[in-house]
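Engineer: My questions are about this predicted structure, shown below with the sequence.
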Amino acid sequence: MTRPAIASFSGAELREVFAAATVWLERNIPQVNAVNVFPVPDGDTGTNMYLTMRSTMEEAERCADPAAGAVLAAMSHGALMGARGNSGVILSQIIGGLARGVDGATDVTPRSLAAGLELASAAAYKAVTKPAEGTILTVIREVSEAVAAANDNSDLDSLLETAVKTAKASVERTPSLLPVLREAGVVDAGGLGLSVLLEGVLRHVRGQSLESAAVAETVEEDWLAATGARHQTEGSLYGYCTELLIGGSGLDVESIRGRMMGLGDSVIVVGDGQLIRIHVHTDDPGAALSLGTSAAELVQVKVDNIRKQAERFVEMHEEMRVEAAEPPVVSTVAVVAGEGMERVFQSLGCTRTISGGPTMNPSTREIVEAVDACPTDDVVVVPNDKNIILAARQARKLTEKHLHVIGSRSMPQGIAALLAISPGEDAALVAEAMENACGAVRTIEITRAVRRSSIGGVRVNEGDVIAIVDDELKLVAPSPEQAVVRALGGLPKSDASLATLYYGAETTAAAAEELARNIRERFSSYEVEVVFGGQPHYDYIVSVE
């Protein structure tokens, strides 16, 4: 059956297609990171583009105006606010160009898409002080040119198909335009990330799966060895990647760009009179911060040691080659609740996931089916709930696989267990390491009481917000956010330094980010991360390690 042509996207449809594109990019983060050699080999382009898109989509979800132009304007603001790294800043300008092409209209049409891509290309080139061909700039330019040429009487899906085909071909040509890519034997990471995003849009339009992803490439070993040697002998090869977001009134983008160019290279300065995003590679991040504070108020600051990032990039490829040479000894099956949580487990290499958890425990049959579908003889089941452990153990009797059941009682423990896997190790040792990792994580779960009761001296009424710490009811609080703060405060002093907030399906990203800021202020010893979990019933699940 032939699908009807798509004449336009409404605001709601626009959110859907870009949300799908963000999911597809997340699936392909390892592939994009693995080829990130320009302008520096720091292996984070895929991550930075995904984090930029996550901020983009969070702002889109907050937009109450149904018009596509308003949604794109919100996306443009979110992209600028959340832009990460060189690639993220350029991506924010591409989204901004698309927004200007639609310019407040109710729907995105083929004509406005073509206009937006043309503006996106111009904005991307303008953002970079020294544009280089063979990068994401080339890809967006060639895509915009191809879509403009095909725009006459075309529908949106055919234009998207043109965009994706052009992007893929452009990415494949990048090594011929940029010597460092040719030497490393890879394509441009930023261009690849943009191609993946466009492909995600087209996949959603065509109703195709977003589950699979490409296998990450590795960089040529000779180039990687030379890069590693340079970083061992040169004290300050790349300096510091310094990113600022400054806010004020009457800001002069061109003046700030000119002053920032005297501090280093890879300079990108974009924005307007009220908000400016700055990216620079410099040996003196303090000078960049001083420049920012002299011009306006600092809104965000991020400084990374690029030399250390480049060394991690070399290590990442060494690990990838080891993994490729040593096929997995064990497969893993995890029980998870929530769309975001499922993506987290899949990103950690979990072979198969089963939907389930509190109030919706999977059956032993479902566990057996997932285990039998795994490619290895040894399979580790990660139950992530105390009430599922028994069912998982029962599955041992119903499968011919060698089944190992980890005693993980929460999803944070399950995540820690997956992170403990060492490729190539004996299955029994893998299972032992995963079991031990579970004990190193404290879990705080924030939910609402379903009935009136008194447990361990804590009295609760139906509907009360409660905090459960490692399966034990600890306290009642006026709000989920206060419950998290009080539960953290009640933990004994330890060496724990990371708190990860997984926010649920009914919790907004804004509330989670505000909570994270509160925790950083109250508990200076914690590094705090915010991740969309999408879990039902639980406003927050907090991992403390």
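Structural biologist: Yes, it's here.
Engineer: any idea how this protein splits into domains?
Structural biologist: 11-212, 240-304, 326-438, 442-544 (automatic domain parsing).
Engineer: Can you say which of those is packed in most?
Structural biologist: Mean neighbour count, computed with mean count of other Cβ atoms under 10 Å, is highest for domain 11-212 among those, reaching a mean of 21. C-beta: built from backbone N, CA, C; applies to glycine.
Engineer: Centre of the chain to that one, how far?
Structural biologist: With Cα atoms, centre = their mean, to the nearest Å as the basis, domain 11-212 stands 15 Å off its chain's centre.
Engineer: average pLDDT across it?
Structural biologist: The average pLDDT for domain 11-212 rounds to 88.
Engineer: Please name the spatially closest residue to Ala92 (chain neighbours excluded).
Structural biologist: Just so we're on the same page, residue 92 is Ser rather than Ala. Closest residue to Ser92 apart from its sequence neighbours, by Cβ to Cβ, 6 or more residues apart in numbering: Ala79 at 3.7 Å.
Engineer: And for Leu197?
Structural biologist: Using Cβ to Cβ, 6+ apart, the nearest residue to Leu197 is Ala21, at 4.6 Å.
Engineer: Please verify my assumption that that neighbour contacts His204.
Structural biologist: Yes. Ala21 lies in contact with His204 (Cβ atoms under 8 Å); the separation is 7.1 Å.
Engineer: re the thing from before, tabulate the domains of the chain (TSV), appending distance to Ala5.
Structural biologist: Below are these laid out as TSV (distance: least, Cβ to Cβ, whole Å):
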stretch	distance to Ala5
domain 11-212	4
domain 240-304	35
domain 326-438	30
domain 442-544	33
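Engineer: coming back round to it: any idea how far the residue nearest to Leu197 lies from Ser355?
Structural biologist: 24 Å (Cβ to Cβ, to the nearest Å).
Engineer: returning to that earlier point: quick one: residues contacting the residue nearest to Ser92.
Structural biologist: Thr52, Met53, Ser55, Thr56, Glu59, Gly88, Leu91, Ser92, Ile95, Gly96 (Cβ atoms under 8 Å, 6 or more residues apart in numbering).
Engineer: Point me to the helix or strand that includes it.
Structural biologist: When elements are assigned from DSSP states H and E, Ala79 belongs to helix 68-82.
Engineer: And the next helix or strand past that helix?
Structural biologist: helix 85-102.
Engineer: Just read off the phi/psi values of Pro362.
Structural biologist: Torsion angles at Pro362 (phi, psi; degrees, to the nearest 10) stand at phi -70, psi 160.
Engineer: What lies in contact with the helix ranked longest in the chain?
Structural biologist: As assigned by DSSP state H, the longest helix anywhere in the chain is helix 156-177. Helix 156-177 is contacted by residues 3, 5-9, 108-110, 113-114, 117, 133-135, 138-139, 142-143, 146-147, 150-151, 154, 181-182, 185-188, 191-192, 194-195, 198-199, 201-202, 205-206 when judged by Cβ under 8 Å, 6+ apart.
Engineer: Now, those residues that are in strands?
Structural biologist: Among these, no member is found in strands (DSSP state E).
Engineer: Can you tell me which of those end up in helices?
Structural biologist: 110, 113-114, 117, 138-139, 142-143, 146-147, 181-182, 191-192, 194-195, 198-199, 201-202, 205-206.
Engineer: Need the CA coordinates for stretch 161-170. CSV is fine.
Structural biologist: Extracted in CSV, the C-alpha atoms of stretch 161-170 (Å, rounded to 0.1, in the frame of the first residue of the first chain):
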residue,chain,number,x,y,z
GLU,A,161,14.8,11.4,1.1
THR,A,162,16.9,13.8,-1.1
ALA,A,163,18.4,15.3,2.1
VAL,A,164,19.4,11.9,3.5
LYS,A,165,20.9,10.6,0.3
THR,A,166,22.8,13.8,-0.2
ALA,A,167,24.0,13.8,3.4
LYS,A,168,25.3,10.3,3.3
ALA,A,169,27.1,10.9,0.0
SER,A,170,28.6,14.1,1.3
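Engineer: List the residues that contact Gly250.
Structural biologist: Gly273.
Engineer: Regarding it, what is its secondary structure?
Structural biologist: Look at Gly250: counting by DSSP: H, G, I helix; E, B strand; the rest coil, its state is coil.
Engineer: try Ser294
Structural biologist: Per three-state DSSP, Ser294 ends up helix.
Engineer: Make residue 1 into 892 and carry on from there
Structural biologist: Understood, numbering begins at 892; the last thing we discussed is Ser1185.
Engineer: and it, how far is that from Gln1165?
Structural biologist: 17 Å.
Engineer: Next: Val1321.
Structural biologist: Taking Cβ to Cβ, one finds Val1321 at 53 Å from Gln1165.
Engineer: same question, Arg991
Structural biologist: On the measure of Cβ to Cβ, Arg991 and Gln1165 end up 17 Å apart.
Engineer: swap in Thr1173?
Structural biologist: In terms of Cβ to Cβ, Thr1173 sits 25 Å off from Gln1165.
Engineer: same check, this time on Thr1026
Structural biologist: Distance from Thr1026 to Gln1165, by Cβ to Cβ: 29 Å.
Engineer: ok, now Arg1032?
Structural biologist: Relative to Gln1165, Arg1032 is positioned 29 Å away (Cβ to Cβ).
Engineer: so what's Gly979 closest to, chain neighbours aside?
Structural biologist: Thr943 (3.7 Å).
Engineer: CA atoms of stretch 1353-1364 as CSV?
Structural biologist: Taking Å, rounded to 0.1, in the frame of the first residue of the first chain, the C-alpha atoms of stretch 1353-1364 are listed here in CSV:
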residue,chain,number,x,y,z
GLU,A,1353,-2.6,7.6,50.8
GLY,A,1354,-1.1,10.0,48.2
ASP,A,1355,1.8,11.2,50.4
VAL,A,1356,5.1,11.7,48.6
ILE,A,1357,7.5,9.1,50.1
ALA,A,1358,11.2,8.4,49.8
ILE,A,1359,12.4,4.7,49.7
VAL,A,1360,16.1,4.2,50.3
ASP,A,1361,17.4,0.8,49.3
ASP,A,1362,14.0,-0.8,49.6
GLU,A,1363,13.3,0.8,53.0
LEU,A,1364,10.7,3.5,53.6
